[in-house]
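Q: Structure, please.
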Amino acid sequence: MAALNIQQGATSHSAYDLRDPNSQIEESHTLAVLVDNEAGVLARVIGLFSGRGYNIDSLTVAEVDHSGHRSRITIVTRGTPSVIEQIKAQLGRIVPVHEVHDLTVEGRSVERELGLFKVRGQGEKRVEALRIAEIFRANVVDSTLESFVFEMTGTSEKLDAFADLMRPLGLIDLARTGVAALSRGA
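A: Numbering: from 1, shown residues only. Here you go, the predicted structure:
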């Protein structure tokens, strides 16, 4: 019988956490942080990252509880397992922070991002851009004789793939919201 070829940290959706906390391999993690919705909180959270040289790949913020004046900050960042643990511990010590969840290790989650893509094209390139947009289920939200603006929601990888296909067809601008994420299940 052949041995199973399981790579450490190959998936965050495993029943077993195979990651080595002492590993030097950088991993991407999605953190959900519940904070008081007051002036200066976002600056303090971002200051924690910039002050220690940590990078933020994606950042979204919105009020999620109007009566309780609470906001949810969703941060996608990269680091070794020890750096990610350090980030979570330091976030938890900031006074207006109520909860810190690492959605990457806590189980399955749903992540989505919204993107707007402006594509210039005429003739066959214009037709091809519309075909690709239909495959990706992108909506046309603005159209002129020279360009389209497509709107698409999906994973970051889906938006990256769409942008890569649109570049040779005339992608001239894009805007992305950043990742919004929730854990699945109860």
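
Q: and residue 179, what is it in contact with?
A: When the contact criterion is CB atoms under 8 Å, 6 or more residues apart in numbering, the partners of residue 179 are 30, 58, 60, 74, 76, 111, 112, 113, 156. Where C-beta positions appear, they are placed from N, C-alpha and C, glycine not excepted.

Q: check which helix or strand covers the second one.
A: Okay, so that is residue 58. Using DSSP states H and E, the secondary-structure element containing residue 58 is strand 56-65.

Q: That strand - contacts with which helices or strands?
A: If contacts are counted by 3 or more CB pairs under 8 Å, 6 or more residues apart in numbering; DSSP states H and E, strand 56-65 sits against helix 41-52, strand 70-79.

Q: Considering those, which stretch scores lowest in mean pLDDT?
A: When the helices and strands packed on strand 56-65 are compared on mean pLDDT, helix 41-52 scores lowest, with a mean of 91.

Q: Check the offset of that helix from the chain's centre.
A: Relative to the mean C-alpha coordinate of its chain, helix 41-52 is positioned 18 Å out (CA atoms, centre = their mean, to the nearest Å).

Q: Which strands or helices does that helix pack on?
A: Based on contacts counted as 3+ CB pairs under 8 Å, 6+ apart, the elements that helix 41-52 packs against are strand 27-36, strand 56-65, strand 70-79, helix 81-93.

Q: Noted, bye for now.
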